[in-house]
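**Q** Just the structure for this:
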Amino acid sequence: MRLAIPLSALFLGTLIACSPLQVKYDYDARADYAQYHSFDWEADSKDTFTERRIRAAVEKDLTAKGFRRAEGNPPDLLVSAYPVYRDERVRSVGVGVGIGLRILPGVSVGVGTGSAKAKVQTIGGIVMAFKDTRNSQLIWKAETEDALEEGSTPEESEEAIQAAVTRMLERFPPEARPSK
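**A** As a prediction, the model looks like this:
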C-alpha cells in the first residue's frame, strides 16, 4: 500500500510528460524537396536565450537529417525559428469552508463560502518556417503550442525545446508524392 501512492504519482507524471505535443504543419506540395541541401538563418533574430536554444536544436536536427549550414555559401533554404507567447486565463482551484448545525434528526442547516481566483498563465510555442532562397517563397512551416513553460530552469527549457523541435521536424522534408 505504501508503494501504491508513489507509483501512481510516477505513472501520472510519466503520462503527462509523454503526452503528444500538437504540431500544425503546412507546406508547398509542389516544391522539390530533394534539391535542398543547405540552410542558413533569416536575419530577424532577437538573440534571446530561448531563441538560441531553438536555433541550436534546429541545427542539430537538420544536420542529423543530412542538411548542412551554408556558412559563406548561398544556402538553399532560409530558416526562421522563434518563440511565440500568449496569455491564457486559467481558473485556479478554490478553497471552500462551511459550517453546519443539526437542528433536528434528519434536518441540518449550513452556511458555506468559497473563493477561486483566476490567474493569467503564459503559454509558449515555437514557429518554424523554411523559404526557398531561389524564389523567396515559403515552402514549409510548423507551429506548436505548449512547448515552452514559464519558470523552467535552463536545463528543463533546453530539453523541452529539443523535444519540441525534434517533433516539429519529424515531417521535414515531406515525403515525395508520385506525379499524376
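**Q** which residues sit in contact with the residue nearest the centre of the chain?
**A** The residue lying closest to the centre of the chain (Cα atoms, centre = their mean) is Ala147, at 2.1 Å. Residues near Ala147 by Cβ atoms under 8 Å, 6 or more residues apart in numbering: Leu21, Gly124, Gly125, Ile126, Ala160, Ile161, Ala164. (Each C-beta comes from the backbone N, C-alpha and C, glycine too.)
**Q** and it, what element?
**A** Assessed by DSSP states H and E, Ala147 sits inside strand 137-149.
**Q** Then Leu21?
**A** Under the criterion DSSP H and E, no helix or strand holds Leu21.
**Q** With the one 10 residues further on instead?
**A** Assigned by DSSP H and E, Ala31 falls within no helix or strand.
**Q** Without its sequence neighbours, what residue ends up closest to it?
**A** Once flanking residues are discounted, Ala31 sits nearest to Ile139: 4.5 Å by Cβ to Cβ, 6 or more residues apart in numbering.
**Q** got it, and Ser157?
**A** Using Cβ to Cβ, 6+ apart and skipping residues adjacent in sequence, the residue nearest Ser157 is Arg53, 6.4 Å away.
**Q** I'd assumed that neighbour was in a helix, is it?
**A** Yes: counting by DSSP: H, G, I helix; E, B strand; the rest coil, Arg53 is found in a helix.
**Q** Mind jotting down where the helices sit in the chain?
**A** Assigned by DSSP state H, the helices in the chain fall at 4-17, 49-64, 154-168.
**Q** and the ones you listed, which one is worst for confidence?
**A** Mean pLDDT per stretch puts helix 4-17 lowest among these, at a mean of 42.
**Q** follow-up on the earlier one: distance of the residue nearest to Ala31 from Lys131?
**A** Note on Ile139: its distance to Lys131, by Cβ to Cβ, to the nearest Å, is 7 Å.
**Q** intersection of neighbour lists for those two?
**A** Common contacts of Ile139 and Lys131 (Cβ under 8 Å, 6+ apart): Leu77.
**Q** In ChimeraX, how would I select just the buried ones from the contacts of Ala147?
**A** For the buried members of the contacts of Ala147, the matching ChimeraX selection, counting by 16 or more other Cβ atoms under 10 Å, is:
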select :21,124,125,126,160,161,164
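**Q** with the contacts of Ala147 in mind, which one is nearest to Lys65?
**A** Of all the contacts of Ala147, Lys65 sits closest to Ala164, with 16.3 Å by Cβ to Cβ.
**Q** Look up how far Ser115 lies from Ile99.
**A** Distance, Ile99 to Ser115, using Cβ to Cβ: 16 Å.
**Q** and if you look at Pro173?
**A** Where Ser115 is concerned, Pro173 sits at a distance of 53 Å (Cβ to Cβ).
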